[in-house]
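> only geometry, no sequence info:
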Ligand code: PMV
């Protein structure tokens, strides 16, 4: 058996983070940046960990990997990881890592690494990382397509995504702002508020889900202005839910000032993290932001690509 290499894409949520946890649809697409995994033949199935990780991170990764390995029959392979995404900022790095590992384990076991199989195995790892995630991250990563995703009512199962085709190139700039709080914490704090005032929060979640469905239709109609507007409105609702913060708001306004059709936080939000802006020409914005010392990059999520 020779060495194997696989890839798991990062993701960006254009519409519907958090409300997706409560069963509403979310619009999410894959980034060209992600996590690479490499596998070499070995006596036992194991994960080789970078020395830069903390003790807690190592323990968590080892546990998650063991769950996925068990599901695939523990093929004799030693897996190492090469993340090219900023970790823990809301870009689905844990899902990308899970999908890269899942694909590698499947291939090492002589099985086909279809998107569905990769998602099934990656789901084991995601549950270890996140507790009760909606599944939007690893599904988007495994499918590598723009999806209107909805979790299944049965939290134990992976949800489903409908592919959203874009007749126009769908290009975004992702910029990082401030220090991020862990997803688990942000999701748990929101859960407490919504349990206390369920009717009020339900109304906002429902509206966010509607924006995601309308956004998907706007993409299919090639109406990027309408998609951008839905993103701006969604940002307002995320702020209403207490999920935004000064660093995120500042970056949102910066991206809009640079010509974004729409801009909002993406992922869990909180004290800081990633902001996504929809652009017709993202390159100029990336140059300007980089000049200002902002960590950022552009990516195309869907639509026809330049040859
Ligand atoms: O910030 P991330 O990449 O962990 O994204 C989380 C997305 C949430 O909707 C906030 C949580 C979830 O499980 O979908």
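Alright, I've got the coordinates. None of the values given here were measured: they were computed from a predicted structure.

> doesn't residue 293 fall inside a helix?
No. Per DSSP: H, G, I helix; E, B strand; the rest coil, residue 293 lies outside any helix segment and is coil.

> that one: neighbour count?
6 (other C-beta atoms under 10 Å). All C-beta spots, glycine's among them, are computed from the backbone N, C-alpha and C.

> how about residue 199?
7.

> immediately after the helix or strand hosting it, which helix or strand?
If you go by DSSP states H and E, residue 199 is part of helix 198-220. Following helix 198-220 in sequence order, the next helix or strand is helix 224-240 (DSSP H and E).

> can you list the buried residues in the following helix or strand past that following helix?
Downstream of helix 224-240, the next assigned helix or strand under DSSP H and E is helix 246-257. Using 16 or more other C-beta atoms under 10 Å as the burial criterion, the residues of helix 246-257 that qualify are 247-248, 251-252, 254-256.

> and the contacts of the helix holding residue 199?
14-16, 18-20, 22, 24-27, 146, 148, 162, 164-167, 170, 190, 193-194, 224, 226-227, 230-231, 233-234, 237-238, 240-241, 302 (C-beta atoms under 8 Å, 6 or more residues apart in numbering).

> give me the buried subset of these.
14-16, 18-20, 22, 24-27, 146, 148, 164, 166, 170, 190, 194, 224, 226-227, 230-231, 233-234, 237-238, 241, 302.

> would you mind trimming those residues to those in range of the ligand?
Applying C-beta under 6 Å from any ligand atom to the buried ones among the contacts of helix 198-220, one finds that 18, 20 fall near the ligand.

> just list the residues touching residue 118, thanks.
Taking C-beta under 8 Å, 6+ apart as the criterion, residue 118 is in contact with 99, 102-103, 106, 142.

> make it 6 Å
By C-beta atoms under 6 Å, 6 or more residues apart in numbering, the residues touching residue 118 are 99, 102-103, 142.

> which of these has the largest number of neighbours?
residue 99 (38 neighbours).

> doesn't it belong to a helix?
Yes. Assessed by three-state DSSP, residue 99 belongs to a helix.

> rewinding a little: would you list the contacts of residue 118 in JSON lines and tack on secondary structure, distance to residue 116 and pLDDT?
Below are the contacts of residue 118 laid out as JSON lines (DSSP: H, G, I helix; E, B strand; the rest coil; distance: C-beta to C-beta, whole Å; pLDDT from 0 to 100):
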{"residue": "99", "secondary structure": "helix", "distance to residue 116": "12", "pLDDT": "97"}
{"residue": "102", "secondary structure": "helix", "distance to residue 116": "11", "pLDDT": "97"}
{"residue": "103", "secondary structure": "helix", "distance to residue 116": "12", "pLDDT": "97"}
{"residue": "142", "secondary structure": "helix", "distance to residue 116": "8", "pLDDT": "95"}
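
> and which of those is nearest the ligand?
The nearest member of these to the ligand, counting by C-beta to the nearest ligand atom, is residue 99 at 13.2 Å.

> so that closest one touches residue 10, yeah?
No. Applying C-beta atoms under 6 Å, one finds residue 99 not in contact with residue 10, separated by 9.9 Å.
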